[in-house]
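Enquirer: Any chance you can model this:
(chains A and B)
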Number of protein chains: 2
Amino acid sequence: MAIVENQDLRAYCEDVAKKAKAASAQLAVVTGKQKNDWLRKSAAVLREQTETILAANAKDVAAAPGFGLTDAQTDRLRLDADRIDAIASGMEEVAMLADPIGEVIESNIRPNGLRVSRVRVPLGVVFFIYESRPNVTADAAAICVKSGNAVILRGGKEAAHSSAAIVDLIREVAVQFGLPADAVQLVGTLDREAVGHFLKMSEYIDLAIPRGGEGLIRRVAAEATMPVIKHFHGNCHVYIDGDTDIPMALDIAVNSKCQRMGVCNAAESILIHQEMAAKVLPELAARLAEFDVEIRGDKATQGHVSTAKPVTEEDYATEFLGPVVSIRVVDSLQQAIDHINQYGSGHTDAIVTRELANANQFTSQVDSAAVMVNASTRFNDGAEFGLGAEIGISTDRFHARGPCGLRELTSYKFIAEGQGQIK
Amino acid sequence: MAIVENQDLRAYCEDVAKKAKAASAQLAVVTGKQKNDWLRKSAAVLREQTETILAANAKDVAAAPGFGLTDAQTDRLRLDADRIDAIASGMEEVAMLADPIGEVIESNIRPNGLRVSRVRVPLGVVFFIYESRPNVTADAAAICVKSGNAVILRGGKEAAHSSAAIVDLIREVAVQFGLPADAVQLVGTLDREAVGHFLKMSEYIDLAIPRGGEGLIRRVAAEATMPVIKHFHGNCHVYIDGDTDIPMALDIAVNSKCQRMGVCNAAESILIHQEMAAKVLPELAARLAEFDVEIRGDKATQGHVSTAKPVTEEDYATEFLGPVVSIRVVDSLQQAIDHINQYGSGHTDAIVTRELANANQFTSQVDSAAVMVNASTRFNDGAEFGLGAEIGISTDRFHARGPCGLRELTSYKFIAEGQGQIK
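Expert: Residues are numbered from 1 along each chain as shown, chains lettered A, B, ... in the order given. Okay, here's the model as predicted:
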């Protein structure tokens, strides 16, 4: 796919969007076998064409310093044969998932004999805007097309050549199996204004999914004229209740915070019931110190942990995404719930408790996409929750909440079958 | 509820929205029994207070000429004891529906022992904007609160006193059963700018539902910063296939068009396979003439029906909502499907056929919220489809499509229950 320059940008975007809409109409009626054949053959072709992809990737890597990428960022951008194999395996895994399209969600016969069914259908066209590594290109294409949607991919400039090479290959395979090539389109310009044009085209695009930094997501949410699946923050909490298995509490708190600090379902705050403060805090501080995590605590926490710095209101509201945690000792379960609903981001929050009533109160009153009982916050993702693949995690309440897999990219229609019924 | 004048309108609206948000947090944890007790007692109180409501209604009726209402419109506004009884019965019917909140939509145990469940929760706050009769006030309050949502009602000025009387009564009953009074609020100003203020308050309001004329709906869709459930048009079709039971085809076409012409699920266009044109058109024209329906037809139609006027492209795209119908003779099923997807509004479209394969092709390819096989388009509503009550019909694809009942006003959360799982 050639990089477009020097042409009317809006006209170019509209052409892409119209092609996607036309492709979505074709995609809505292809068989599951066609989609799975495309996924499996694409995986095979990506592996066969490793050298082609690596050559494109080398251009991205060479350009990385010019974009100001750090060594770590450049390393994440760099592909090798193993990483390309992993990308291919990801597409094969999507092929193994059940086809959501055509699923009868419910079907009943009405008193007059009319059979009324809700049947799952695609949404239509997905506009996916992302800043990430080249593997996201293949993942997003696989999930969108498997769920019957055409996708317009707008990747970051850093991976432009790698993404183009991948998209070129899977588009060629699409045509071989009767899928429209335009089921997957990579936006052929790096002009940031293109995003703004697409976001105004709600007549062609049914859903926008931004994945990246908060700035990008806020821009998309503000400008989009179509629905958006998004989450701004993952300010996640672990609450250690008054009656708790202490080793379990420590394991879950430390795992939630430290297993991978830079991700949205990592914990940023630990709340501890006052009865447990003395029993848990010294050991917790020692375990967090092994990961070089800085503790910012309230007065009670500071009383048990000499190295704790004073916590601020702002800390409670912050997604650190790194080696900092806020800790607060609370008087009661209710205070913990109120704290989470006030400062949290509605993403993932966990309770560790032995009390059934407390677990129930927590799951009922904490208003988050995922509420965990005696388990790490890190389990909130599509694979762990059994959705198969995931295109993002939503903290919105409308249409899709929590991890979004194939079914979350679908709509439904009612089909009413009669024998001549009139009203 | 007093009519507010001469105060800072935005501050007033924000106060209403904040109260609704606070009420929604309380509503999310009330029991189904509390909500049903409220519905049943509200029904009883509306019947007991018939005189109070009629006195308020008399003010609206007296003011109607000043608003330029026709006699027919004034008649629809007028309440009497029977109509108040029907409003009360509507609330009792909602009480009988299953409570959607807390429903486990699905629940699975993951390989690591984590039980992952999707549990239905309310959306939060619904902003309902309507132009209709006083019964809609009670209906909307019942459906929103039963589904756990607080509702901000913005009714038309024509029914302001009647709606206020109804809302005052059901708010009093709410408090008796431990529901927050602000579960139901009627906007206490008729200033049109208030709607604009509410539509900007996505931090408090989770969903906007406009019900009324296309102008109102387009305004809400354009200005809203929160999701909107809406339909602009109901340009519905009946397609009479090549192999068809003729009496059934005539009954369904005439019923779809004529049983009630001014509603969104009435047919506006009839498509006839060329093999059936001669067999169906003369009798169809005679039946439509009984309802004084004007026929606008293509050349083939005019060949069979001497009274048919020439149809235009614009006619094909028009929701007449009255005694006019467009008729086109098509070469094939595929042409009928293409016509519907081109000119239709994605609301309700029907095929009359004996051919199973044709029925399947039609239901699969017609991209509408409801697709009917051998049944009248008039069946597309919440009651007929088994949803119980209905707050509107959506032609959008996101979250809710077709009739929207209790479940369509809900979201879900994931609850993951473990025994100490870490990653």
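Enquirer: what about residue A:303, distance to residue A:316?
Expert: Separation of residue A:303 from residue A:316 (C-beta to C-beta, to the nearest Å) stands at 18 Å. In this view, the C-beta of every residue, glycine as well, is placed from N, C-alpha and C.
Enquirer: ugh, typo on my part, it should be residue A:69
Expert: For residue A:69 relative to residue A:316 (C-beta to C-beta), the value is 33 Å.
Enquirer: do residue A:176 as well
Expert: Counting by C-beta to C-beta - residue A:176 and residue A:316 are separated by 55 Å.
Enquirer: rewinding a little: of residue A:69 and residue A:316, who's got more company?
Expert: residue A:316 (20 against 17; other C-beta atoms under 10 Å in any protein chain shown).
Enquirer: can you list contacts of stretch A:274-289?
Expert: A:240-244, A:246, A:249-250, A:253-254, A:257-258, A:270, A:272, A:295, A:300-301, A:304-305, A:307-308, A:325, A:327, A:329-331 (C-beta atoms under 8 Å, 6 or more residues apart in numbering or on different chains).
Enquirer: Check stretch A:96-106 too.
Expert: Contacts of stretch A:96-106 (C-beta under 8 Å, 6+ apart): A:28, A:32, A:35-36, A:117-122, A:146-148, A:388-389, A:405-407, A:410, A:412.
Enquirer: Can you classify whichever residue of the stretch 51-200 of chain A sits closest to chain B as helix, strand or coil?
Expert: Taking C-beta to the nearest C-beta, chain B has its nearest neighbour within the stretch 51-200 of chain A at residue A:116, 4.9 Å off. Under DSSP: H, G, I helix; E, B strand; the rest coil, the three-state class of residue A:116 is strand.
Enquirer: Mind listing what's buried along the helix or strand hosting residue A:281?
Expert: Using DSSP states H and E, residue A:281 sits within helix A:274-290. Counting neighbours by 16 or more other C-beta atoms under 10 Å in any protein chain shown, one finds that the buried residues in helix A:274-290 are A:276-277, A:280-281, A:284-285, A:287-288.
Enquirer: Please apply the same query to stretch A:83-96.
Expert: Buried residues in stretch A:83-96 (16+ other C-beta under 10 Å): A:83-84, A:87-88, A:90-91, A:93-95.
Enquirer: how far does it sit from the chain's center?
Expert: 17 Å (C-alpha atoms, centre = their mean, to the nearest Å).
Enquirer: for stretch A:298-317, same thing?
Expert: 31 Å.
Enquirer: Residue A:65: neighbouring residues, count only.
Expert: 11.
Enquirer: Got phi/psi on residue A:185?
Expert: Main-chain torsions, residue A:185, degrees, to the nearest 10: phi -130, psi 140.
Enquirer: From residue A:128, how far off is it?
Expert: Taking C-beta to C-beta, one finds residue A:185 at 11 Å from residue A:128.
Enquirer: mean confidence for the helix holding residue A:281?
Expert: In this model, helix A:274-290 carries a mean pLDDT of 98.
Enquirer: State the next helix or strand along the chain beyond that helix.
Expert: strand A:294-297.
Enquirer: List the neighbours of that following strand that are in contact with it.
Expert: Under C-beta under 8 Å, 6+ apart, the answer for strand A:294-297 is A:285, A:288, A:301, A:305, A:307-312, A:315, A:323-328.
Enquirer: Span of stretch A:359-379 from start to end?
Expert: Across stretch A:359-379, the terminal residues are separated by 17 Å (C-alpha to C-alpha, to the nearest Å).
Enquirer: close to chain B, is stretch A:365-383?
Expert: Yes. Shown here: stretch A:365-383 in contact with chain B (C-beta under 8 Å from any C-beta of the partner chain) through A:365, A:367-376, A:378-380.
Enquirer: just to revisit the earlier point, in helices, which of the buried residues of stretch A:83-96 appear?
Expert: A:83-84, A:87-88, A:90-91, A:93-95 (DSSP state H).
Enquirer: so where is chain A shaky, pLDDT-wise?
Expert: A:1-7, A:132 (pLDDT under 70).
Enquirer: Show me how it divides into domains.
Expert: Domain ranges of chain A: A:9-229+A:404-416, A:236-382, per automatic domain parsing.
Enquirer: which of the residues in the one helix or strand residue A:220 maps to are buried?
Expert: Assigning secondary structure by DSSP H and E places residue A:220 in helix A:214-223. Within helix A:214-223, the residues that qualify as buried are A:216-217, A:219-221, counting by 16+ other C-beta under 10 Å.
Enquirer: Right, I'll call it a day here.
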